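Q: When you get a sec, could you give me coordinates for this:
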Amino acid sequence: MTVINSFVQGDRAYLLTDTAWLESGSGKLLMSHSKIIEGGAFPWALALTGDAHLYIVRALIEERRPRSAREFVETLPATIAEVRDAVRDPTFTMGVRLAAWCEDTGKARIFHLDTDADRCAFLGIDPWEVCEIFAFAPLSTDHANPVDRITAEVGKDITPEVLTDPGRFDPEADGLRLIEAQRRHLRFPVKGSEPVAVIGGSAQLTCVSREGVASKILRIWGGDEVGEVLRPEPEPERVA
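A: Numbers count the residues shown, from 1 in each chain. Got it, this is the predicted structure:
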């Protein structure tokens with residue numbers, strides 16, 4: 001499980017994720033590793049959530065070799081279906097967020113696909129359907145609603161209008177405040193466990209533009225230990 005923030009600003013598309021890979025049965029940290037896959041035929045990057053079989057997804061994309069964003073989007077459902085068939089797991093679910101430079105439109109765009117019916121219902125989309133989104137930042141879950149606390153910590157409303165405006169939302173400074181607030185307040189259930197923190201390892205910002213793909217680590221959460229559940233830092237004190 002992970003949280004994928006994404007937003008388009010002008011001719012740039014951003015993905016903001018963590019790097020924590022957790023054990024599904026306990027929520028304990030297995031390792032810290034990027035959840036981003038990047039491409040070279042044209043500028044694109046994708047982030048995975050759910051049963052994120054990173055290396056299988058990468059291998060299938062390399063096998064299909066999409067030459068454009070349009071071709072990538074058209075073949076994405078079949079690619080993820082092939083991942084499902086390869087892992088042979090009846091409980092398989094996966095979410096994919098694709099940021100790509102679209103040469104035919106001259107724009108950076110973001111697309112989303114999810115196979116999980118519950119997550120899709122929460123997001124208001126259909127399973128297995130690729131949809132375009134302009135800005136999305138999870139501020140609540142199906143069992144908790146810490147919107148006000150996250151908004152207060154970031155210091156501004158987290159709306160599509162704000163996220164897509166470079167004058168109102170700085171991808172690095174505001175993005176770091178956002179994912180750190182999500183780390184503290186968003187909790188997700190794991191199999192047989194109470195809801196746990198799921199954002200950890202480090203905060204990674206990836207930018208896709210006509211020029212290519214660039215990634216930057218905004219923060220490393222050095223206190224996250226392999227074999228332990230994530231324990232986010234306390235909420236910062238607010239100055240009156």
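
Q: alpha carbons only for contacts and neighbour counts from here, please
A: Fine.

Q: burial measure for the closest residue to Ala41 other than its chain neighbours, as a count.
A: Of all residues not flanking Ala41 in the chain, Arg67 sits nearest, at 6.0 Å (C-alpha to C-alpha, 6 or more residues apart in numbering). By other C-alpha atoms under 10 Å, 12 other residues sit near Arg67.

Q: How about the one 3 residues further on?
A: Using other C-alpha under 10 Å, Arg70 is surrounded by 14 other residues.

Q: Once you drop chain neighbours, what's closest to it?
A: Cys102 (7.4 Å).

Q: Now do the strands in this structure.
A: 5-9, 12-18, 20-22, 29-32, 36-39, 44-50, 94-102, 107-114, 131-133, 135-136, 187-188, 196-197, 202-209, 212-220 (DSSP state E).

Q: Would you mind saying which of the ones you listed lies nearest Gly175?
A: Among those, strand 12-18 comes nearest to Gly175, with 7.3 Å by C-alpha to C-alpha.

Q: Tell me the strands beside the closest one, with direction?
A: strand 5-9 (antiparallel), strand 202-209 (antiparallel) (DSSP bridges).

Q: what's next to the last one, contact-wise?
A: It refers to strand 202-209. Among residues not part of strand 202-209, those counted as contacts by C-alpha atoms under 8 Å, 6 or more residues apart in numbering are 11-20, 32, 34, 43-45, 99-101, 108, 171-172, 176, 179, 213-221.

Q: Any idea which of the strands paired with strand 12-18 gets closest to Leu139?
A: strand 5-9 (10.0 Å).

Q: now that closest one and strand 107-114, what's the angle there?
A: Angle between the axes of strand 5-9 and strand 107-114 is 160 degrees (criterion: axes from the mean of the first three to the mean of the last three C-alpha atoms, to 10 degrees).

Q: For strand 5-9, give me every contacting residue.
A: 13-17, 108-110, 133-138, 160, 163-166.

Q: which of those residues count as buried?
A: 13-17, 108-110, 133-138, 160, 163-164 (16 or more other C-alpha atoms under 10 Å).

Q: quick one: low-confidence parts of this protein?
A: 1, 142-143, 189-193, 236-240 (pLDDT under 70).

Q: what's the single longest helix found in it packed up against?
A: Determined from DSSP state H, the single longest helix within the chain is helix 69-87. Packed against helix 69-87 by the contact rule (3 or more C-alpha pairs under 8 Å, 6 or more residues apart in numbering; DSSP states H and E) you find helix 54-64, strand 94-102.

Q: Return the most buried member of the ones you listed.
A: strand 94-102 (a mean of 25; mean count of other C-alpha atoms under 10 Å).
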